[in-house]
Structures are given as structure tokens and as C-alpha cells.
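Q: structure for the following, please:
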Amino acid sequence: MINTSALSYSYHAEKKIQFGDLMIQTGEQFLLLGESGSGKTTLLHLLGGLLKSQQGSIEVNGTDITKLSESALDRFRGQHYGFIFQRNHLISALSVEKNLLMAPFLAGLKQDNERVGEVLNQLDIGEKKYAAIRELSLGQAQRVAIARAILNMPSVILADEPTSALDDKNCDRVSDLLLSVADQNKATLIIATHDQRLKNKIKNMIQL
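A: Now for the predicted structure:
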């Protein structure tokens, strides 16, 4: 599913981050842990093709994404990945439905209103389909961000600090949602975090 070899990244000549090789199977769930500055977000962005690898290989579903052209990588990301970040990056002026329909559009896939409704119902926010993002609570907006991430039925879900700004109740809610949607979509889930509360939820760990 995800295999890396001799992977490293340099921000400048004085700072090179070397990562251990990874072998992650389909449907596995991992926490990516480490101190601030250890490279958690860098590794997550490399795995997701958001940063181009300077050295080493990253194989996802049998494809070495470091060898793809920019346009091919864009298509590959849209079809295989779901991304969830601490900030939801939703477009506040648009409705929930239109925010979600952008995911297949950008990936070059067919827009499917039925799938939008299905995913929103899965996350218990089906009644918010036509609401504007600015009308939602923080928790509802987070669910929309999760819905967008899984809309294209990705094989890999990457989450960067999705719970660090949340209280215990909402941390439990968001982490349980992520685990649930990953299970239901048979997706590999990797969460980069320093939130120690998640250790009670996910036992597999990558320590940087």
C-alpha cells in the first residue's frame, strides 16, 4: 500500500531530515509522532505528494509518486488521497454541497450528488447539505472537512493535527469519526499529531 525507501527532505543545506523506511498495509491505522520540528508534517506532505521528494522513493498502490509529473500527481492525489488538516480550508461563502462537489471536480471525476448525501448522512450532518459553511458550528465544519476527504473513496486518508485544538469531548468525537470512516472505506489512515490522547485510540505508531 505505502512503501518508502531512503526518503529524505532538505529545506536548505543545513537542515536535512532523513526518514526511516515505511511499509504500511491497506486499511492500517498509524499515528505519526514526534517533537515539534521532527518532520511530522513534512513526512505527511511527502507521503501525500504535497512536497516533492528530493531523495528516495514513495510507492502508493504500486505507483512511485516521486516519478509522476505535476499533472499526473494532481490526478493521482485526487483519486487516491483524502486530506484533513487542523484548519478545514473550506470556502465559507459556498454551501456544504458545493464545497464537497469540488473534490471530484478537481480530481477529474464525475460529480455525484447522491454520494454527497450519503457521506453527509454517514457523518450525521445530512440536514446541512445546503447550508453555507459560515452557518456551521466548528464541529459541523470539521465533519464537512472529513466528508470532503472521503468523498472520492480514497485508499489513503492523511490527517495533520486534526484534534490538537479540541477539548476532550470533541477530540473523542473527531478521532472516532476518523477511525469509523477509515474502516467503512477500507482506507489506510495516518494521523500526524502531538496529541497524546490519540494513543488510546490507535496503537500503531511511527516515531520521528
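Q: mind checking pLDDT for the residue lying closest to Gly39 once chain neighbours are set aside?
A: Distances taken as CB to CB, 6 or more residues apart in numbering put Ile17 closest to Gly39, at 4.2 Å, once the chain neighbours are dropped. Backbone N, C-alpha and C define where each C-beta goes, glycine included. pLDDT, Ile17: 89.
Q: one more: Asp160?
A: The model's pLDDT for Asp160 equals 91.
Q: list the contacts for Val181?
A: Contact analysis of Val181 by CB atoms under 8 Å, 6 or more residues apart in numbering lists 122-123, 146, 150, 157, 187.
Q: how about the strands in this structure?
A: Under the criterion DSSP state E, the chain contains strands at 2-12, 15-18, 23-24, 29-33, 55-60, 63-64, 81-85, 156-160, 188-192, 205-207.
Q: closest to Leu136 out of those strands?
A: Nearest to Leu136 among the strands of the chain is strand 81-85 (15.9 Å), distances taken as CB to CB.
Q: what about Ser57, neighbour count?
A: When neighbours are defined as other CB atoms under 10 Å, Ser57 has 15 of them.
Q: thinking again about what came up before, what's the ChimeraX line that selects buried ones from the contacts of Val181?
A: Per 16 or more other CB atoms under 10 Å, the buried members of these correspond to this ChimeraX selection:
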select :122,123,146,150,157,187
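Q: quick check: Ala145 touching Leu90?
A: Yes: using CB atoms under 8 Å, Ala145 is in contact with Leu90, at 6.3 Å.
Q: looking at these two, which has the bigger crowd around it?
A: A side-by-side neighbour count of Ala145 and Leu90, using other CB under 10 Å, places Ala145 first with 24 against 19.
Q: from Gly62, how far out is the more buried one?
A: Between Ala145 and Gly62 the distance is 28 Å, computed by CB to CB, to the nearest Å.
Q: show me where the protein has its helices.
A: All helices of the chain, identified by DSSP state H, fall at 40-47, 70-80, 96-107, 113-122, 138-150, 168-184.
Q: residues in contact with the residue nearest to Lys110 when sequence neighbours are not counted?
A: In space, and not counting its chain neighbours, Lys110 is closest to Pro104: 6.3 Å by CB to CB, 6+ apart. Shown here is Pro104, whose contacts under the criterion CB under 8 Å, 6+ apart are 78, 110-112, 151-152.
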